[in-house]
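*Asks:* any chance you can model this:
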Amino acid sequence: MASDTKPYIPFAIGRTTCILPVSEVRETLQLRPITPVYRMPPTIRGLIQVRGEIFPVLEIGRLLGIPPAEIPDHKRIVVACLGERVAGILTSSVHGTIEIADESFETVPHNVGSDAASFLTAVARTPLGVVGRLSLDRVFSSEKLRPAT
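*Replies:* Numbers count the residues shown, from 1 in each chain. From the prediction side, this is the model:
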């Protein structure tokens, strides 16, 4: 029986490659000015406006526990959406689209840090190397995105 494959958008955050289903990516943008907002957590870089819509830009690397020194300059923004929730994700690069078979996914290894493991649903070996499937639901629900009180 042929395996089902689905298209994903891979993007790099430093040396870490994450993927999102194509259905959860609205578009990718060149880096543009981001407006900082007072008292936002460090996981939110600020706000951007795209065609009249304003939404936050997230530092996913911080959520995943990647040290800032290991993240080169951000060059792209992946605009991700899940239902009505929209956010930009700062990335080092975007690698087009890849097809991944459902059976290629494995559980996140136990030795992956708890920060990363809490936001990844699975990992897979691909021509790009090992990639982690990011859960937008877990990201958007994270306490680490709540403003300081």
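*Asks:* mean confidence score for the longest strand along the chain?
*Replies:* When the chain is parsed with DSSP state E, its longest strand is strand 5-13. Averaged across strand 5-13, pLDDT comes to 95.
*Asks:* so which bits of that strand are buried?
*Replies:* Using 16 or more other CB atoms under 10 Å as the test for burial, strand 5-13 gives 8, 9, 10, 11, 12, 13. C-beta here means a position set from N, CA and C on the backbone, and glycine is covered the same way.
*Asks:* now those in a markdown table, with distance to residue 110?
*Replies:* Shown next, in a markdown table, are the buried residues of strand 5-13 (distance: CB to CB, whole Å):
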| residue | distance to residue 110 |
| --- | --- |
| 8 | 24 |
| 9 | 27 |
| 10 | 24 |
| 11 | 25 |
| 12 | 24 |
| 13 | 22 |
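*Asks:* which one of the residues you listed is nearest to residue 102?
*Replies:* residue 8 (11.5 Å; CB to CB).
*Asks:* next helix or strand past the helix or strand bottoming out on mean pLDDT in the chain?
*Replies:* Ranking every helix and strand in the chain by mean pLDDT, DSSP states H and E puts helix 114-117 at the bottom, with a mean of 75. Next helix or strand after helix 114-117 toward the C-terminus (DSSP states H and E): strand 120-126.
*Asks:* that next one: partners in the sheet, and parallel or antiparallel?
*Replies:* Strand 120-126 has its sheet partners listed here by DSSP bridges as strand 105-106 (antiparallel), strand 129-134 (antiparallel).
*Asks:* and the residue lying closest to residue 74 once chain neighbours are set aside, how far from residue 124?
*Replies:* Spatial nearest neighbour of residue 74, chain neighbours left out: residue 90 (4.2 Å); criterion: CB to CB, 6 or more residues apart in numbering. Computed as CB to CB, to the nearest Å, the residue 90 to residue 124 distance reads 23 Å.
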